[in-house]
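Novice: Based on what follows, work out the 3D shape:
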Amino acid sequence: MTALPQKTERRTAIAIAFMIALRMYGLFLILPVFSVYARDITGSTPFLVGMAIGIYGLTQAFLQIPMGFLSDIWGRKKVIALGLGLFLIGSVIAAIASDIHTIIIGRAVQGMGAIAATGLALIADVSRPEQRSKMMAIVGVSIGFSFMLDFITGPMLARLYGLSGLFWVTAVLAALALLVLFVFI
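Specialist: Residues are numbered from 1 along each chain as shown. Prediction:
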């Protein structure tokens, strides 16, 4: 992929940052409340609650390099779409779960959508070397903002919709990220 003209480059970087922020907002949304709400989930133990939180990172860590490799072969957008699709499916699995084991499966599927490196590679593909650090900074700020926003809104949304509702919000955010990917990038 070749670098885009400056105006298009900036617009694309902002669209990629927004797409990544939507995904990250959904990912981080459960962090401030999961351990509190997980006590009421069937089969819940402290170990399994920790597993439900950590399995996402474990599957993502294992699949980051293979997904990056696939993005070199299939193209960045296809792999990002695959990753967002897996994240959406995992969110739905966790949303409809009636026990902690199913939530763990849902979180593992969410993590299988390992697209962080692919998203950053896409930024590198569409930006000129002298602008790349600015484009990466835009993405970094969007991730930081989504993390901060999660700790403000996560408890409020959990109180309104419960843990299942948070996973439904996460699924909707993944769908919106897919829309951004196909319409604006």
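Novice: low-confidence ranges in the chain?
Specialist: For the chain, the stretches with pLDDT under 70 are 1-5.
Novice: Quick one: the helices in it, in order.
Specialist: Counting by DSSP state H, the chain has helices at residues 6-28, 34-37, 46-74, 76-96, 100-112, 116-126, 129-184.
Novice: Need those helices in CSV (columns: mean neighbour count).
Specialist: C-beta coordinates here come from the backbone N, C-alpha and C atoms, glycine included. Below are the helices of the chain laid out as CSV (neighbours: other Cβ atoms under 10 Å):
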stretch, mean neighbour count
helix 6-28, 20
helix 34-37, 16
helix 46-74, 16
helix 76-96, 21
helix 100-112, 22
helix 116-126, 20
helix 129-184, 17
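Novice: Which residue would you name as the spatial centre of this structure?
Specialist: For the chain, the residue nearest the mean C-alpha position is residue 23 (3.2 Å; Cα atoms, centre = their mean).
Novice: Spit out the contact partners of residue 91.
Specialist: 26, 106, 110, 167, 168, 170, 171, 174 (Cβ atoms under 8 Å, 6 or more residues apart in numbering).
Novice: doesn't residue 86 make contact with the third one?
Specialist: Going back to what we said before, that points to residue 110. Yes - Residue 110 is within contact range of residue 86, at 7.1 Å (criterion: Cβ atoms under 8 Å).
Novice: tell me the contacts of residue 60?
Specialist: Counting by Cβ under 8 Å, 6+ apart, residue 60 touches 111, 112, 113, 114, 116.
Novice: need these in CSV with distance to residue 126, can you?
Specialist: Converted to CSV, the contacts of residue 60 look like this (distance: Cβ to Cβ, whole Å):
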residue, distance to residue 126
111, 26
112, 25
113, 21
114, 20
116, 17
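Novice: Quick check: the farthest pair among these?
Specialist: Within the contacts of residue 60, two members stand farthest from each other by Cβ to Cβ: 112 and 116, at 12.7 Å.
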